[in-house]
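# here is a sequence together with a model predicted from it:
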Amino acid sequence: MKISIADRRSDLEGLTKMFVGNLTLDYISHSELQGYRAIAPGQWAKNIDVVTRDEIATRLRDPLDEFPANRDWCGVIEAHDNQVLVGLALVTTAYKTATPFGIIEDIVIDGTLRDNGRGEMMMRWILDQFRRAGLKRAFLESGFRNERAHHLFERIGFSTVSVVMMKEL
Ligand SMILES: CC(C)(COP(=O)(O)OP(=O)(O)OC[C@H]1O[C@@H](n2cnc3c(N)ncnc32)[C@H](O)[C@@H]1OP(=O)(O)O)[C@@H](O)C(=O)NCCC(=O)NCCS
């Protein structure tokens, strides 16, 4: 599997299709509800394809071989098997803080290719890039019912630091 930073030459439609085509209702967490992606727990926005396409498009910029150090940045990571897209991730880095950190905002592996180590490989590649960029912590958040994903995250060293609560007004 070849993992790289997506850029303006990447296949925006393919990345969008991969993301939207592999989303489940369990995926929805507070950040989906705080933006345009989801309108309620368990309910994606009707135009999730447009919303996602825009989010990805704004992150496809000049080609990079590694995450930029000492500058806040957000990007898309893509994974290919024999030049076929098999996964993507959205990541952000933040330096204006006591302890610089990276966020893995989203990670999706093609639904037909799971349980074969691709998700773990992609997570480890991203964590390595975070380290090389001088970041000291990694964060992620995930819908509380997304237990399979949590199992993977815990196995590679993540632990829960917050519980997010919500109330309809
Ligand atoms: C979460 C996600 C990215 C994981 O991707 P994946 O490629 O299935 O991940 P892996 O194969 O590395 O690990 C999944 C399981 O397969 C097992 N596995 C890995 N390689 C294996 C192999 N060769 N043979 C058998 N099992 C294997 C792992 O032990 C792991 O199980 P565990 O985490 O319960 O211990 C994927 O399920 C996904 O895209 N989900 C939808 C989107 C999502 O929920 N993303 C996370 C929220 S941001």
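Here it is on my side, so go on. Numbers count the residues shown, from 1 in each chain.
# tell me which parts of this structure are close to the ligand?
22, 27, 106-109, 114-120, 142, 146, 148-149, 151-152, 155 (C-beta under 6 Å from any ligand atom). To be clear about C-beta, it is placed using only N, CA and C from the backbone, and glycine gets the same treatment.
# how about a cut-off of 8 Å?
22-24, 26-27, 29, 87, 104-111, 113-123, 140-143, 146, 148-149, 151-153, 155 (C-beta under 8 Å from any ligand atom).
# which of those count as buried?
With neighbours counted using 16 or more other C-beta atoms under 10 Å, those contain these buried positions: 22-23, 27, 29, 87, 104-110, 118-119, 122-123, 140-143, 146, 149, 152-153.
# which of the residues of the chain next to the ligand fall in helices?
In helices, judged by DSSP state H, the following of these are found: 118-123, 148-149, 151-153, 155.
# closest to the ligand among those residues?
Distance ranking of those against the ligand, using C-beta to the nearest ligand atom, places Gly119 first at 2.3 Å.
# Lys46 versus that closest one, what's the distance?
28 Å (C-beta to C-beta, to the nearest Å).
# how far does the strand ranked longest in the chain sit from its chain's centre?
Under DSSP state E, the strand in the chain containing the largest number of residues is strand 84-94. Relative to the centre of its chain, strand 84-94 is centred 5 Å away, using C-alpha atoms, centre = their mean, to the nearest Å.
# any buried residues in stretch 29-45, and which?
Taking 16+ other C-beta under 10 Å as the neighbour-count basis, stretch 29-45 is seen to contain the buried residues 29, 31-33, 37-38, 41, 44-45.
# now stretch 41-57
The neighbour-count criterion (16+ other C-beta under 10 Å) identifies 41, 44-45, 48-49, 51-53, 55-56 as the buried residues of stretch 41-57.
# how about that stretch as PDB, C-alpha atoms only?
Backbone C-alpha positions of stretch 41-57 (Å, rounded to 0.1, in the frame of the first residue of the first chain) are rendered in PDB as follows:
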ATOM      1  CA  PRO A  41     -27.300  11.900  15.600                       C
ATOM      2  CA  GLY A  42     -27.800   9.000  13.100                       C
ATOM      3  CA  GLN A  43     -28.700  11.300  10.300                       C
ATOM      4  CA  TRP A  44     -26.400  12.600   7.600                       C
ATOM      5  CA  ALA A  45     -27.100  15.800   5.700                       C
ATOM      6  CA  LYS A  46     -28.900  15.200   2.400                       C
ATOM      7  CA  ASN A  47     -26.000  16.900   0.600                       C
ATOM      8  CA  ILE A  48     -23.200  15.100   2.400                       C
ATOM      9  CA  ASP A  49     -21.500  14.500  -1.000                       C
ATOM     10  CA  VAL A  50     -21.300  18.200  -1.700                       C
ATOM     11  CA  VAL A  51     -20.200  19.000   1.800                       C
ATOM     12  CA  THR A  52     -17.500  16.400   1.800                       C
ATOM     13  CA  ARG A  53     -16.300  17.300  -1.700                       C
ATOM     14  CA  ASP A  54     -15.900  20.900  -0.600                       C
ATOM     15  CA  GLU A  55     -14.000  19.900   2.600                       C
ATOM     16  CA  ILE A  56     -11.600  17.800   0.600                       C
ATOM     17  CA  ALA A  57     -11.200  20.300  -2.200                       C
END
